[in-house]
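S.K.: 3D, please:
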Amino acid sequence: MHLSDFDFELPEDLIALRPLRPRPASRMLVVRPDAQTDAHVRDLPHYLRAGDMLVFNDTRVIPARLRGERRRETTDGSGVAQIEVTLAERIGPDRWRALAKPGKRLKAGDRITFGDGTFSADVAEKEPGGFILLAFSLSGDALDRAVEAAGEMPLPPYIAGRRAADERDREDYQTVFATRPGAVAAPTASLHFDADLLADLAGLGVLSTRVTLHVGAGTFLPVTAERLDDHQMHAEWGEVTEEAARAITAAKAAGGRIIPVGTTALRLIETAAERGVLSPWQGPTDIFIRPGYRFQIADGLMTNFHLPKSTLMMLVSALMGLDRMRDVYAHAIAERYRFFSYGDSSLLLPDPKK
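M.R.: The predicted structure follows:
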């Protein structure tokens, strides 16, 4: 298949810049193989049944966007440049792989100061794909505290290009059950849940468990290969605990549907499965789910509406079929659903016989 197979025209005014409040007020398109229903996230209890299992990603987004200044000794004053850094992957107590803008102004050995000079990082290396390796002046918990104080929430490019992050985003761009810091992007399908909705679902006998996948900045990098076979996914660290694996296995054995909330949770449990058996698992995953993939664990998916030509559009097409998803997205656009991270949601329920 080709990248162009997953393209579509999206009106710019359908890109959500702010989430709705309360969280479950967002719309939700319930999609089956031969029908779809316009609903709201608050209606989710009507579409699930006792024994179904929701799988949430409990990663916590760190304020990974840092604004700094690079200085070089020059005679004409050209040595000063404002640099925006987005942390992407921690690879040591004092080292992060990162994206920088404008990255072309940096070279190995440059120093960038952050937080009004309270800490800094040296560019240790420039890597392929636009990444840089940063060695910070602080380490461990001290670095974490400095980033927390100086950083901004790393809003996706399609939001950050139209408005600046603010204090409201510190709450809005975080799930209510985020506990394990490490993500630089939110598992956005889970942003629709609040304590009341979780309690309503539990009261109906809908089960839930949590896994962890630290979403990386690479999730926003465009796919550049026209042939899908030539695309290499970015790796992200995840964990399925023994408790989570046992709960999911038991729910599935009892006839419950396993429905990940978000593509991150889905990719992780499919990574941890082998021949239909889910096991405890920890490590980096670069699984690329596209049409032709045979799902081992997931029986459905709750997810937002995705970018054209994205790997996430390929994933939902693998679950429901490309032609079906083309129809679904045409309906969502015609009915003016809100798209992307702060947008509306969908509940995808494929034919269980396939």
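S.K.: okay, CA-based contacts and neighbour counts for the rest of this
M.R.: Noted.
S.K.: what are the ranges of the helices in the stretch 1-150 of the chain?
M.R.: For the stretch 1-150 of the chain, applying DSSP state H, counting those that start in this stretch gives helices covering 44-47, 140-150.
S.K.: and of the ones you listed, who's closest to residue 63?
M.R.: Closest of the helices of the stretch 1-150 of the chain to residue 63 is helix 140-150, at 5.9 Å (criterion: Cα to Cα).
S.K.: Could you list every helix and strand in contact with that closest one?
M.R.: Where contact means 3 or more Cα pairs under 8 Å, 6 or more residues apart in numbering; DSSP states H and E, helix 140-150 is not packed against any helix or strand.
S.K.: So which residues make contact with the next helix or strand after it?
M.R.: Using DSSP states H and E, the helix or strand that follows helix 140-150 in sequence is helix 157-160. The contact list for helix 157-160, computed with Cα atoms under 8 Å, 6 or more residues apart in numbering, reads 15-17, 220.
S.K.: Show the buried residues in these.
M.R.: 15-17 (16 or more other Cα atoms under 10 Å).
S.K.: Surely residue 189 forms part of a strand?
M.R.: No. If the criterion is DSSP: H, G, I helix; E, B strand; the rest coil, then residue 189 is helix and not within a strand.
S.K.: For it, list the residues it contacts.
M.R.: Contacts of residue 189 (Cα under 8 Å, 6+ apart): 261-262, 302-304, 341, 345.
S.K.: now that we have those residues, which one has the most neighbours?
M.R.: Tallying neighbours with other Cα atoms under 10 Å puts residue 345 at the head of these, with 31 neighbours.
S.K.: Confirm for me that it is in contact with residue 26.
M.R.: Yes. Look at residue 345 against residue 26 with Cα atoms under 8 Å: they come within range, at 7.1 Å.
S.K.: quick revisit: let's have the buried ones among the contacts of helix 157-160 in JSON lines, adding pLDDT.
M.R.: Below are the buried ones among the contacts of helix 157-160 laid out as JSON lines (pLDDT from 0 to 100):
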{"residue": "15", "pLDDT": "97"}
{"residue": "16", "pLDDT": "97"}
{"residue": "17", "pLDDT": "97"}
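S.K.: can you list those residues in a markdown table and add distance to residue 58?
M.R.: Converted to a markdown table, those look like this (distance: Cα to Cα, whole Å):
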| residue | distance to residue 58 |
| --- | --- |
| 15 | 25 |
| 16 | 23 |
| 17 | 23 |
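S.K.: Any chance of JSON lines for the helices of the stretch 1-150 of the chain, columns mean pLDDT and mean neighbour count?
M.R.: Output for the helices of the stretch 1-150 of the chain, formatted as JSON lines (pLDDT from 0 to 100; neighbours: other Cα atoms under 10 Å):
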{"stretch": "helix 44-47", "mean pLDDT": "98", "mean neighbour count": "14"}
{"stretch": "helix 140-150", "mean pLDDT": "96", "mean neighbour count": "15"}
